[in-house]
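Q: Here you go, sequence then predicted model.
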Amino acid sequence: MTDNDATDQMPENVPAPTGEVHEVGVRHGMFGVHGTGDTSGYGGLVRPTVYPGDAQRPYGGWYDEVADALEVATPRVVIDRGEITFHVRREDLPTVAKLLRDELKFELLSGVSGVHYPDDHGAELHAVYHLLSMTYNRRIRVEVTAPDADPHVPSLVPLYPTADWHERETFDMFGIVFDGHPALTRILMPDDWPGHPQRKDYPLGGIPVEYKGGSVPPPDQRRSYN
Amino acid sequence: MSTDYYASGADTTDGKVFTVTGQDWDSIAQGLSDEEMAERVVVNMGPQHPSTHGVLRLILELEGETVTEARCGIGYLHTGIEKNMEFRSWTQGVTFCTRMDYLSPFFNEMTYVLGVERLLGIEDDVPEKAQVMRVLLMELNRISSHLVCIATGGMEIGALTVMTIGFRERELVLDLFELITGLRMNHAFIRPGGVAQDLPHGALDEIRSFIALMRKRLPEYADLCNANPIFKGRLEGVGHLDLEGCLALGMTGPVLRSTGYPWDLRKTQPYCGYETYDFEVQTWDTSDAYGRFRVRLNEMWESLKIVEQAADRLAKLDGAPVMVADKKVAWPSQLAIGSDGMGNSLDHIRHIMGESMEALIHHFKLVTEGFRVPPGQVYVPVESPRGELGAHVVSDGGTRPFRAHFRDPSFTNLQATSVMSEGGMVADVIVAIASIDPVMGGVDR
């Protein structure tokens, strides 16, 4: 080891400890072209999609205080880019939310945001809650998951009435069923709409647009470089 | 008397249904009195109605003129912006989200861009001038947004002068936007890493004369409204929601501050250097529509103070960069307005098409492919004119947002409609909703 060790200069280059890498799917190729056209060899690239791993104690600052209080739910804690996320089991969500609201003074639930990870097998649907403590001026994120086959998450409406429309929206867009919600109906899409539009397996739709003799395919059918 | 076929009513499985088109109350009252159904009337108000603030549908259950139940039907303006953003590059996403809450486009751009910048880890690299320009534009935008709120709110209770002068002043702000960004709305001006363009020549003079003019004109609103007995009679005590109710329902912005709680993200969780500006958080202690009006009025004065400070800083930052130095994020071309009035970048086109193959590759990699953003998720809220506006931005390491969800304050605050209007008069529903100031583009996204 020298003073110029690369990992000293760039801490992000330190390899994550074994078993703590949270891998969600893989990315193939580089230029979005499959089957033809790519002679560069980059098309054969396979890269895992790795989300930030678990944080190690001590988390520092008030993070430990909150984490101690939530110890009953044994959350997986991720601290990334200055934001703390508690991944809890969905059955623990009401307990955790009640603790957060009553003991830790997270008075305000900013909202519920659904995310669909089709390659996160067994936990495809994520419901992400952003909470704000105005008393202590703190923000945390609580994340729960549900498999596609059983898309149920307990509702937080009894604890945070503001979750009402947010959960309806998440149900509308992702099909996550919030058990205990007083009236879980669609909110943005028409009542008889088939499917849940924000899921990754739901097509964007659209028709080719013709302009000056050229034709532009709809966005989800264009060549993508993702 | 001419026969109004629609107002005469039609029998359906849900009871008798009347279509009200205005000036037909007599025939409806007659139709109602025919049967024993007058005690409970369900009124569908909107989605096309001049005083529901856009395409908001209200379902009101009335007893006489008292509202017993009020529910909102939303979704009429849903355009799938969040879904669309998943199919465009990170920079193009700005073009979509600016269209959500069309009265405060810069705030939509700002919260998304702050999220992208935090994901990229370039928050501290954004040049000072870009941050000052962002603050300047956001505060001008706050003024124009509050003006529309006060103007339309006034119009809905019959104060038409408030409406005309409100839109008169808003026009001045929109002229400034057009001068600085090229567009009156849907600017897509705030980009990941900075802003799209430098301040044009003469913009600071225009801003200064605007500030001077606004200092003369803002008192007109106070003169017209503050002590006006009719205005106060319509607003005072209407749409009451105390602090406890606000927190339970997730209310933020002027509604929260009208309860006397000075929560403003610009002070409590500063971004873009707001901690370096001198301004006060405005509160009122009545928790009603009148308090919200006064909070908005006072906030315009504070915004004017910030705009002035930002203009002073910009005067010292002449020629400073407005985009991060990292060429892997910053847009390679700078648009210029040609003789035909259209924006293009002829020098850049000549460079990439005729001079440098590497520049062409770089242009393609950045503009067509887009930059990659390391995997992760962030939530960076800003204080929009309506409250906490936040973008939950998730990246999977690609050149497009994996998910961008906007926590829009209009959406959240509109949930308070029932609490604010049940038990009150029909006419007060309009005032209560106007005091929330929902923008349906933001509600439905």
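A: Noted; the coordinates are in hand.
Q: Next one: the residue lying closest to residue B:302 once chain neighbours are set aside from chain A, what distance?
A: If the residues on either side of it in the chain are set aside, residue B:302 comes closest to residue B:279, at 4.5 Å by Cβ to Cβ, 6 or more residues apart in numbering or on different chains. The C-beta positions use only the backbone N, C-alpha and C, and glycine is treated the same way. To chain A, residue B:279 is 19 Å away according to Cβ to the nearest Cβ, to the nearest Å.
Q: Helices of chain A, start to end?
A: A:6-9, A:63-69, A:93-102, A:163-174 (DSSP state H).
Q: So residue B:369 is in contact with residue B:398, correct?
A: No. Applying Cβ atoms under 8 Å, one finds residue B:369 not in contact with residue B:398, separated by 10.2 Å.
Q: residue contacts, the closest residue to chain B within chain A?
A: Residue nearest to chain B within chain A: residue A:162 (3.1 Å; Cβ to the nearest Cβ). For residue A:162, the contact set (Cβ atoms under 8 Å, 6 or more residues apart in numbering or on different chains) comprises A:108-109, A:111, B:248-251, B:412, B:415.
Q: Any chance of those in a markdown table with pLDDT and neighbour count as columns?
A: Listed next are the contacts of residue A:162 as a markdown table, based on pLDDT from 0 to 100; neighbours: other Cβ atoms under 10 Å in any protein chain shown:
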| residue | pLDDT | neighbour count |
| --- | --- | --- |
| A:108 | 91 | 26 |
| A:109 | 92 | 26 |
| A:111 | 88 | 29 |
| B:248 | 90 | 19 |
| B:249 | 91 | 26 |
| B:250 | 90 | 29 |
| B:251 | 92 | 28 |
| B:412 | 92 | 30 |
| B:415 | 91 | 20 |
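Q: from the residues you listed, which single one is nearest residue B:194?
A: residue A:111 (28.1 Å; Cβ to Cβ).
Q: mind checking how far the closest residue to the closest one other than its chain neighbours is from residue B:297?
A: Leaving aside its chain neighbours, residue A:111 sits nearest to residue B:407 (4.1 Å; criterion: Cβ to Cβ, 6+ apart). Distance, residue B:407 to residue B:297, using Cβ to Cβ, to the nearest Å: 26 Å.
Q: circling back: who has more neighbours, residue B:369 and residue B:398?
A: Between residue B:369 and residue B:398, counting by other Cβ atoms under 10 Å in any protein chain shown, residue B:398 is the more crowded of the two (20 against 16).
Q: Residues of the stretch 151-300 of chain B that sit close to chain A?
A: For the stretch 151-300 of chain B, the residues in contact with chain A (Cβ under 8 Å from any Cβ of the partner chain) are B:247-252, B:261, B:263, B:268-269.
Q: Give the ranges of residues in chain A that sit below the confidence cut-off.
A: Where chain A drops to pLDDT under 70, the residues are A:1-22, A:30-38, A:226.
Q: re the thing from before, filter the contacts of residue A:162 down to the ones in strands?
A: The strands, defined by DSSP state E, take in A:108-109, A:111 from the contacts of residue A:162.
Q: Turn the residues you listed into JSON lines, columns for distance to residue A:173.
A: Formatted as JSON lines, these follow (distance: Cβ to Cβ, whole Å):
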{"residue": "A:108", "distance to residue A:173": "22"}
{"residue": "A:109", "distance to residue A:173": "18"}
{"residue": "A:111", "distance to residue A:173": "13"}
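Q: Closest one of those residues to residue A:101?
A: With Cβ to Cβ as the yardstick, the closest approach to residue A:101 among those comes from residue A:109, at 8.3 Å.
Q: pretty sure that closest one is touching residue A:160, no?
A: Yes. Using Cβ under 8 Å, residue A:109 is in contact with residue A:160, at 3.9 Å.
Q: got any ranges where the stretch 301-445 of chain B has weak pLDDT?
A: B:337-342.
Q: nearest to residue B:364, of the helices of chain A?
A: Among those, helix A:6-9 sits nearest to residue B:364 (Cβ to Cβ), with 30.7 Å.
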